[in-house]
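Peer 1: sequence? don't have it. structure:
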């Protein structure tokens, strides 16, 4: 899980905490992640930390999750997220299947269950219900195959949607991603977003090596701006609660 960033675009809303410690319905995003991952049968969680990492460590302790979650420090957290991906290279190459996740997402647990239970070895998650613009990271499909993954895309496609920011990779593909991240860092492309690494590996892979699960209709939001916090509280949390994931908070 990538959770090293400062979250500058949130301004004072973050109260100078890492975004993964924002609270919704009385629980932090990190607490929700850990609950969902355990429920889905995921064996452990590696968290790349940076900005105010000590607060994440304290939350892990408070949740009694020290035996489940461990942190990977990224002292260069003000650089591009590709550096965080590079810092996670040992976790990517441990030899098993890997889930890669953005930490700043509030979501219906069925989204994670879909990713864990998929039969697709290298899987992206796509939500076709999105507002096109410069901000969403887009997945594009042509002839039934993923052919593009970026914020700015060109060309013609059969369908497209927004990436949720959660991925599943086979051991071989995770190792390729770790190697590609290392190339970025060694070539001083440290300001790039980690999605560029995934795009490079996607486009270089054999046809059909990657697939996707369509999670359109399931609620989620990435927390980048103050209005995202408002929408998460006003809309997404209520949708998750209404879907039966948890009891509605009083």
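Peer 2: Ah, there it is. Remember, predicted model here, so these are calculated numbers, not experimental data.
Peer 1: what's next to the top helix by length along the chain, contact-wise?
Peer 2: Using DSSP state H to define each element, the chain has its longest helix at helix 171-186. Residues from elsewhere that reach helix 171-186 (C-beta atoms under 8 Å, 6 or more residues apart in numbering): 82-83, 85-86, 88-89, 92-93, 95-98, 100, 121-122, 169, 190, 192, 194, 196-198, 200-201, 205, 209. C-beta: built from backbone N, CA, C; applies to glycine.
Peer 1: Next: stretch 217-229.
Peer 2: Outside stretch 217-229, the residues touching it (C-beta under 8 Å, 6+ apart) are 7, 9-11, 13, 19, 22, 29, 102, 104-108, 110-111, 114, 127, 129, 135, 164-165, 231-232, 235-236, 239-240, 243.
Peer 1: hmm, try it at 7 Å
Peer 2: With contacts defined as C-beta atoms under 7 Å, 6 or more residues apart in numbering, stretch 217-229 is touched by 9-11, 13, 19, 22, 102, 104-108, 110-111, 164-165, 231-232, 236, 239-240.
Peer 1: Looking at these, which are in helices?
Peer 2: Secondary structure from DSSP H places 110-111, 231, 239-240 of these in helices.
Peer 1: Of those residues, keep whichever come out buried.
Peer 2: Buried members of the ones in helices among the contacts of stretch 217-229, scored by 16 or more other C-beta atoms under 10 Å, are 110-111, 240.
Peer 1: wait, which of the residues you listed is closest to residue 3?
Peer 2: residue 111 (17.9 Å; C-beta to C-beta).
Peer 1: about what we covered before: restricted to strands, list the contacts of stretch 217-229.
Peer 2: 105-107, 164-165 (DSSP state E).
Peer 1: From residue 46, how far off is residue 114?
Peer 2: 21 Å (C-beta to C-beta, to the nearest Å).
Peer 1: Now residue 212. Its backbone dihedrals?
Peer 2: Backbone torsions of residue 212, given as degrees, to the nearest 10, read phi -150, psi 160.
Peer 1: Let me know whether it touches residue 139 as I believe.
Peer 2: Yes: Residue 212 lies in contact with residue 139 (C-beta atoms under 7 Å); the separation is 6.2 Å.
Peer 1: All the strands of this protein, residue numbers only.
Peer 2: 2-3, 23-24, 27-28, 45-49, 69-73, 98-101, 105-107, 123-127, 138-142, 145-150, 159-169, 211-214, 220-222.
Peer 1: Give me the distance from the last one to the chain's centre.
Peer 2: If you compare the mean C-alpha spot of strand 220-222 with that of the full chain, they lie 10 Å apart, counting by C-alpha atoms, centre = their mean, to the nearest Å.
Peer 1: so what strands line up beside it?
Peer 2: strand 105-107 (antiparallel) (DSSP bridges).
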